[in-house]
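A.B. asks: Could you look at this predicted model? Sequence included:
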Amino acid sequence: HVQLVESGGGLVQPGGSLILSCAASEYTYSSYCMAWFRQTPGKERERVAFIYPGGGSKYYADSVKGRFTISQDNAKNTVYLQMNSLKPEDTAMYYCAAGWDCYVNARDYKFWGQGTQVTVS
């Protein structure tokens, strides 16, 4: 059972930057697809970015492409989401997830963190 703990959220002005971290309780680099989702009240969780097992291909939602970067530090079992040029519409609860594959739907990811709030205002 992988435990994920997110951190790094907060309040930032438009145009600002934040780095979210997701610390895993065990080695995930070659075993899991690591993904970041976000959710606002009344809406489904939206996949923002993911990185394939082994740190190969990366994916970004069109809404964040060119502004967000997902990366992984294998020695620390930690996945990061660097968020630049933040916009008010990026405001959401951000969740880290681990899955056996890089699924489109949130329901297919097996392990989740508790979330970290990002507010752009």
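C.D. replies: Alright, I've got the coordinates.
A.B. asks: can you give me the helices for this protein?
C.D. replies: Using DSSP state H, no helices are found in the chain.
A.B. asks: Strands of that one, start to end?
C.D. replies: In the chain, strands defined by DSSP state E lie at 4-7, 10-12, 18-24, 33-39, 46-51, 58-60, 68-73, 78-83, 92-99, 111-112, 116-120, listed in chain order.
A.B. asks: between the ones you listed, which one is nearest to residue 105?
C.D. replies: Taking C-beta to C-beta, strand 46-51 is the member of the strands of the chain nearest to residue 105, at 8.2 Å. Backbone N, C-alpha and C define where each C-beta goes, glycine included.
A.B. asks: Does anything pack onto the closest one? Which helices or strands?
C.D. replies: Judged by 3 or more C-beta pairs under 8 Å, 6 or more residues apart in numbering; DSSP states H and E, strand 46-51 is in contact with strand 33-39, strand 58-60, strand 68-73, strand 78-83.
A.B. asks: In space, not sequence, find me the middle residue of this structure.
C.D. replies: residue 36 (2.2 Å; C-alpha atoms, centre = their mean).
A.B. asks: so who does that residue touch?
C.D. replies: 20, 22, 47-50, 70, 79, 81, 94-97 (C-beta atoms under 8 Å, 6 or more residues apart in numbering).
A.B. asks: out of the residues you listed, who has the most neighbours?
C.D. replies: Counting neighbours by other C-beta atoms under 10 Å, the top entry in those is residue 79, with 30 neighbours.
A.B. asks: Please name the bridge partners of that one.
C.D. replies: In this entry, residue 79 is beta-bridged to residue 22, residue 72, by DSSP bridges.
A.B. asks: So residue 103 is in contact with residue 109, correct?
C.D. replies: Yes. Assessed by C-beta atoms under 8 Å, residue 103 is found in contact with residue 109 at 6.3 Å.
A.B. asks: follow-up on the earlier one: with distance to residue 5 and mean pLDDT as extra columns, can I get the helices and strands packed on strand 46-51 in JSON lines?
C.D. replies: Formatted as JSON lines, these follow (distance: least, C-beta to C-beta, whole Å; pLDDT from 0 to 100):
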{"stretch": "strand 33-39", "distance to residue 5": "13", "mean pLDDT": "97"}
{"stretch": "strand 58-60", "distance to residue 5": "22", "mean pLDDT": "96"}
{"stretch": "strand 68-73", "distance to residue 5": "14", "mean pLDDT": "95"}
{"stretch": "strand 78-83", "distance to residue 5": "10", "mean pLDDT": "97"}
